[in-house]
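1. Model the following, please.
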Amino acid sequence: MSTIKSNEKIAKVGSRHIGRTAVYWTVTIILAFSIALSGIGQLVRYGGNVDLVTDIGFPLYITNILGTWKLLGVLAIIMPGFPRLKEWAYSGMFFLMTGAALSHVFAHDYGAGGFHVILPLFYAALCIASWALRPKSRRL
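-> All right, here's what the predicted structure looks like:
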């Protein structure tokens, strides 16, 4: 009888781990895809990226810097190994996104329905979720 209970516990622990890993990868892929598209858009100055930056008073060359940092951060988070680099990438993305939201708030450039503030904060939340859910193999 005790054997059945211990097997049930093992099955529950295993399914929790698989579920957590699936949620981690789902959140991380959404984060990486979104940040990578944003970084590429800034590097090639596609669409409204020029207006988005210049309307709040930043020089246009900042798109090259931010786009490069975003792509390097995505690579650091996705590739296996390098747990310390991942920590730096997560913190960098978090500060980048919260800084973007605050920059738009301070410039009174909220966008339609506060989109210029809400979207970077959503990415910051995804960043926190990905960091909190990461498996032990991706931690320090």
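
2. make it CA atoms for all contacts and neighbour counts henceforth
-> Fine.

3. Pull the contacting residues for the most centrally placed residue in the chain.
-> Geometric centre of the chain, nearest residue: Cys127, 3.7 Å, by Cα atoms, centre = their mean. By Cα atoms under 8 Å, 6 or more residues apart in numbering, the contact set of Cys127 is Thr28, Leu31, Tyr90, Met93, Phe94.

4. what does Trp25 give?
-> Counting by Cα under 8 Å, 6+ apart, Trp25 has contacts Ser130.

5. do you know how far it is from Leu126?
-> 11 Å (Cα to Cα, to the nearest Å).

6. same thing with Phe33?
-> 12 Å.

7. The two: which has the busier surroundings?
-> Leu126 (19 against 14; other Cα atoms under 10 Å).

8. for the more buried one, what are its contacts?
-> So Leu126 contacts Val27, Thr28, Leu31 (Cα under 8 Å, 6+ apart).

9. Switch the residues you listed over to a markdown table; also include distance to Gly39, secondary structure and neighbour count.
-> Listed next are the contacts of Leu126 as a markdown table, based on distance: Cα to Cα, whole Å; DSSP: H, G, I helix; E, B strand; the rest coil; neighbours: other Cα atoms under 10 Å:
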| residue | distance to Gly39 | secondary structure | neighbour count |
| --- | --- | --- | --- |
| Val27 | 18 | helix | 20 |
| Thr28 | 16 | helix | 22 |
| Leu31 | 12 | helix | 23 |
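
10. Report the buried residues of stretch 38-45.
-> Ser38, Gly39, Ile40, Gly41, Gln42, Leu43, Arg45 (16 or more other Cα atoms under 10 Å).

11. Next SSE downstream of the helix or strand bottoming out on mean pLDDT in the chain?
-> Ranking every helix and strand in the chain by mean pLDDT, DSSP states H and E puts helix 2-43 at the bottom, with a mean of 80. Per DSSP states H and E, the first helix or strand lying C-terminal to helix 2-43 is helix 49-54.

12. mean confidence for the helix or strand just after that following helix?
-> Under the assignment DSSP H and E, the closest C-terminal helix or strand after helix 49-54 is helix 62-78. Across helix 62-78, the average pLDDT comes to 96.
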